[in-house]
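Asker: Got a predicted structure plus its sequence, pasted below:
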Amino acid sequence: MSTTIKIANLRGESSILAKQSSPDPSKALYVLLTADASSGVSGITVGAVTPLTENMAITFDTIKSGRLYVGYGKYPNPPLPQGPDYYGWIEFSRTSTDTAVWINLSNVDILGLPLTLEGTDSAGASFSLGYKTPMVAAKASDSIIGQVKAVLTDSGASGGSAAVIKTNTGQDKILAPNHVPASYRSYDTYLNSLTDTTAANYPASLSILSDTPKDGSPVQMTGSFKNAATGSDNIIELTSADGTQVCHITKSNLTSQIIYECDGGYMNWSTDSGKTFTTIHQNRTAINDPSSTLAERTITNSVFREIMIGINEGYFSMTNPANNSNGMFPGLVPFATGDGNQYAQVIHKNSNSYGFPYADSNLKVLVTSQLGADLTLNVIADDATKDYSAPSDNSSNQPQSGTYQFGIGTGSQGLGVIRIGNWRYLPNSAGAYGGYLPDLPNWTKMEFSGLGANKYIWVKNNQVAEGSGSTQCLTQACVINNKVLVWGAGLAWNGSVAAPSKPTT
C-alpha cells in the first residue's frame, strides 16, 4: 500500500521557481528525497535536488531511513549542516512488513527552515507535529533560535559563535552540539557531580535494562559511576544480573563530544565474568564489528543508548539515585534538574521535534502514521508557529516493576487520571486503579485530575499523608499492607477538605 506526502508551501509564491517573474534558483525552494532503499516512489527522483512546485506530492510504497529535505537553492545531496544553505527535513521509514509509517520532525543537526506535519495516526486519529514557538521573533527570547543562542558558550568569540551559520538567504542557522560541542556547555561539571567521592551516596548507582534481542532475553546491568582520575580509568562499571557480562567505560570514552554525538568512543565488554575484555564500538554494526551477532549488538548498543539518554536528559543524580535506572525514565521530567543537553531542552520545550540523536527514542516525538493515509508537510515562515501538539496526559504511563504498589477499589473512576510525578494511572473498566509505584524516597504529590485543581495527597515509600479526622482528604483512609497502599471501592474526595501540606519528616 502506498503513502503520499503532500507538500504545502506557506512561505509565499516567491519561493516557487516557476512562479518567479525573474527566476532566481537561490531564492527558490528545492526538495530532496534520500533513502537507503525504497520502492514505488513517484513525484520525485530519489537523490535529485528538485524545484518545489505547487501541489507537489511524493508517493512511496516502502522506504528505509527516508529523509525529505526542503531548502533554498540547489544545495548538495545531502545538504551540509556546516554549509551556507538554509534547509530543514523530516525523517520517515516503512518496511514491507510494517503496518504503519514511522515519521518525525528532526532538529538533531541544525535549527533551520521550519517544517511541520499533519496526518492520521495508526489508530485512526488525527495528529500533528510542529512548533509552538517560532524560529525567529522580534524579541530573541521569544524565539527558538534566540533561546539556543542564549546558551552558547562561545558567543563572545572573535567572529561570533561557531554554532551560528549565516546562510546564503540571510537567515541564521544554528548547529547542534553534536557538530560543535565546544560551543555548548561542557559535561564535566555534571559528570563530576556523579563521581564526587565526598558525597554521601558515592558511588552513584546505575541500572540499565537492555533491549530484548530477537528470540532472546534482555540483560539487566547494574553498577555505578566511578571517580576516574585519568582518561584510562573507568567512569562507569556495570555487571549483568548473572555476573557473566561486564561493561566498563573509561573517562576518555565519556567526553562531552561523545555524549553530544552519542557516538565516537568505545566500551570494554566482557562475556566471561570479567576474566577477559574486548574493546567494542559504542554503536556496533555488522560493518564495524563483523564478528558480532545481532543479539550482541542489540544488548550492547541499547545499554550505551540508555546511558546517553540519562545524561543528555539530565536524569542521573547523586542526590536521588533511585532515578539512575532507565526503567524510571518514562516517569521523570526531562531536563528538570538543569543538567543535560541545553540545545535539546530548548527543542523539547518549544516543539514536537527532537534535538539529540536518541531523543526520538524517549521524548515521544516519533509517530506511527496510518498506512495509505495522506500526510501533509507544511513549509512555514520563520516567524510562524503551526501544528504543535501538547503531550497527552490521558494515557497510562506507569512503572512495570517496583518494591511498592497501590490499589483503589471499583467505582472510583471519578478520581480521573492519577498522577505521581510524570507517572500516570488510569482506571480499568470497573473504575479500579492499581499498579507499581515508582521509588519515592521523598514526599511526592499523588494528584487526582478528575477532581479539579489542588486535589492531592502526599506519598512516600510505604507512607501516606492524607490528613486525619476532620482533615481526612479522601472518603476512606489508606491501609498499608505488605508494601501495598490500599483504598476501598467508591473512593472520592471528602467534601471541601483542603489538600494537606507537604510533610516535613
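Answerer: Great, that's in hand.

Asker: Please count neighbours and contacts with C-alpha atoms only from this point.
Answerer: OK.

Asker: Test my guess that residue 367 contacts residue 121.
Answerer: Yes - at 7.1 Å, residue 367 counts as touching residue 121 under the criterion of C-alpha atoms under 8 Å.

Asker: Overlap in contacts, these two.
Answerer: Here residue 367 and residue 121 share no contacting residue, scored by C-alpha atoms under 8 Å, 6 or more residues apart in numbering.

Asker: Please name the strands paired to the top strand by length along the chain in the sheet, noting orientation.
Answerer: Ranked by number of residues, the top strand in the chain under DSSP state E is strand 62-72. Here strand 62-72 is paired, per DSSP bridges, with strand 29-34 (antiparallel), strand 37-39 (antiparallel), strand 87-94 (antiparallel).

Asker: Show me the one of these that comes nearest residue 316.
Answerer: Closest of the strands paired with strand 62-72 to residue 316 is strand 87-94, at 29.2 Å (criterion: C-alpha to C-alpha).

Asker: Buried residues in that closest one, which are they?
Answerer: For strand 87-94, the neighbour count (16 or more other C-alpha atoms under 10 Å) marks 87, 88, 89, 90, 91, 92, 93, 94 as buried.

Asker: what's the burial count for the closest residue to the fourth one other than its chain neighbours?
Answerer: Yep, that's residue 90 we're talking about. Setting aside the residues directly before and after it, residue 90 is nearest to residue 105 in space (C-alpha to C-alpha, 6 or more residues apart in numbering), at 4.8 Å. Neighbourhood size, residue 105 [other C-alpha atoms under 10 Å]: 25.

Asker: Show the contacting residues for residue 105.
Answerer: 89-91, 115-117, 129-130, 352-354, 365-366.

Asker: least confident pick among those?
Answerer: Ranked by pLDDT, the contacts of residue 105 bottom out at residue 365, which scores 74.

Asker: For it, give its distance to residue 174.
Answerer: Going from residue 365 to residue 174 by C-alpha to C-alpha, to the nearest Å gives 21 Å.

Asker: So between those two, which is more surrounded?
Answerer: residue 174 (25 against 19).

Asker: Not counting whichever strand or helix holds the more buried one itself, show me its contacts.
Answerer: Following DSSP states H and E, one finds residue 174 within strand 172-175. Residues from elsewhere that reach strand 172-175 (C-alpha under 8 Å, 6+ apart): 81-82, 86, 109-112, 145, 163-167.

Asker: now do 6 Å
Answerer: With contacts defined as C-alpha atoms under 6 Å, 6 or more residues apart in numbering, strand 172-175 is touched by 110, 111, 112, 163, 164, 165, 166.

Asker: mind listing which of the residues you listed are in strands?
Answerer: Filtering the contacts of strand 172-175 for membership in strands, criterion DSSP E, returns 110, 111, 164, 165, 166.

Asker: Run a quick neighbour tally on the fourth one.
Answerer: Looking back up the chat, that one is residue 165. Neighbour number of residue 165 under other C-alpha under 10 Å is 22.

Asker: Contacts only, for it.
Answerer: The contact partners of residue 165, by C-alpha under 6 Å, 6+ apart, come to 172, 173.

Asker: mind redoing it with 10 Å?
Answerer: The contact partners of residue 165, taken as C-alpha atoms under 10 Å, 6 or more residues apart in numbering, are 81-86, 110, 112, 171-175.

Asker: and what of the first one?
Answerer: Taking C-alpha under 10 Å, 6+ apart as the definition of contact, the neighbours of residue 110 are 80-82, 86-89, 163-165, 173-179, 355.

Asker: For the buried ones among these, write the corresponding PyMOL selection.
Answerer: Applying 16+ other C-alpha under 10 Å to these, the buried members can be selected in PyMOL as follows:
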select buried, resi 81+82+86+87+88+89+163+164+165+173+174+175+176+177+178+179+355
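
Asker: State the pLDDT value of the nearest residue to residue 243 once chain neighbours are set aside.
Answerer: In space, and not counting its chain neighbours, residue 243 is closest to residue 273: 5.6 Å by C-alpha to C-alpha, 6+ apart. We have a pLDDT of 98 for residue 273.

Asker: switch to numbering from 25
Answerer: Taking 25 as the first residue, the last one we looked at is residue 297.

Asker: For residue 297, give me its contacts.
Answerer: Residue 297 sits next to 263, 264, 266, 267, 268, 269, 270 when contact means C-alpha under 10 Å, 6+ apart.

Asker: and if we set it to 7 Å?
Answerer: Residues near residue 297 by C-alpha atoms under 7 Å, 6 or more residues apart in numbering: 267, 268, 269, 270.

Asker: Residue 438 is in contact with residue 450, correct?
Answerer: No - the criterion here is C-alpha atoms under 7 Å, and residue 450 misses it with residue 438 at 10.7 Å.

Asker: Just the element for residue 412, please.
Answerer: Judged by DSSP H and E, residue 412 forms part of no helix or strand.

Asker: Next one: it from residue 156, what distance?
Answerer: Plainly put, residue 412 is 5 Å away from residue 156 if you go by C-alpha to C-alpha.

Asker: Quick check: residue 214 is in a strand.
Answerer: No - read with DSSP: H, G, I helix; E, B strand; the rest coil, residue 214 is helix and lies in no strand.

Asker: which residue sits closest to it, ignoring its sequence neighbours?
Answerer: residue 363 (6.6 Å).

Asker: For residue 353, see how far away that neighbour is.
Answerer: Distance check for residue 363 against residue 353: by C-alpha to C-alpha, it reads 15 Å.

Asker: Likewise for residue 144?
Answerer: For residue 144, the distance to residue 353 - C-alpha to C-alpha - is 28 Å.

Asker: for the chain, which spans come out with low pLDDT?
Answerer: 384-388 (pLDDT under 70).

Asker: care to break it down by domain?
Answerer: Domain assignment for the chain, taken from automatic domain parsing, gives 27-156+365-403, 212-355, 429-511.

Asker: what's the neighbour count on the residue nearest to residue 361 when sequence neighbours are not counted?
Answerer: Distances taken as C-alpha to C-alpha, 6+ apart put residue 338 closest to residue 361, at 6.3 Å, once the chain neighbours are dropped. Per other C-alpha under 10 Å, the neighbour tally for residue 338 reads 22.

Asker: Would you mind giving both backbone torsions of residue 338?
Answerer: Phi and psi for residue 338, reported as degrees, to the nearest 10, are phi 70, psi 30.

Asker: Tell me where the longest helix sits in the protein.
Answerer: Longest helix in the chain by number of residues (criterion: DSSP state H): helix 318-336.

Asker: mind listing what residue 262 touches?
Answerer: Contact partners of residue 262, counting by C-alpha under 7 Å, 6+ apart, are 245, 246, 247, 248, 270, 271, 272.

Asker: okay, how far is it across stretch 521-529, tip to tip?
Answerer: Chord length of stretch 521-529, first to last residue, is 22 Å (C-alpha to C-alpha).

Asker: in the stretch 225-374 of the chain, which spans are strands?
Answerer: Assigned by DSSP state E, counting those that start in this stretch, the strands in the stretch 225-374 of the chain fall at 229-233, 244-249, 258-264, 270-274, 290-294, 302-305.

Asker: If you could redo that for the stretch 25-174 of the chain, that was the one I meant.
Answerer: According to DSSP E, counting those that start in this stretch, the stretch 25-174 of the chain carries its strands in the segments 27-33, 53-58, 61-63, 74-75, 81-84, 86-96, 111-118, 124-129, 134-135, 139-144, 150-153.

Asker: I'd like these laid out as a markdown table, including distance to residue 214.
Answerer: Putting the strands of the stretch 25-174 of the chain into a markdown table (distance: least, C-alpha to C-alpha, whole Å) gives the following:
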| stretch | distance to residue 214 |
| --- | --- |
| strand 27-33 | 42 |
| strand 53-58 | 38 |
| strand 61-63 | 40 |
| strand 74-75 | 45 |
| strand 81-84 | 45 |
| strand 86-96 | 33 |
| strand 111-118 | 31 |
| strand 124-129 | 29 |
| strand 134-135 | 24 |
| strand 139-144 | 33 |
| strand 150-153 | 32 |
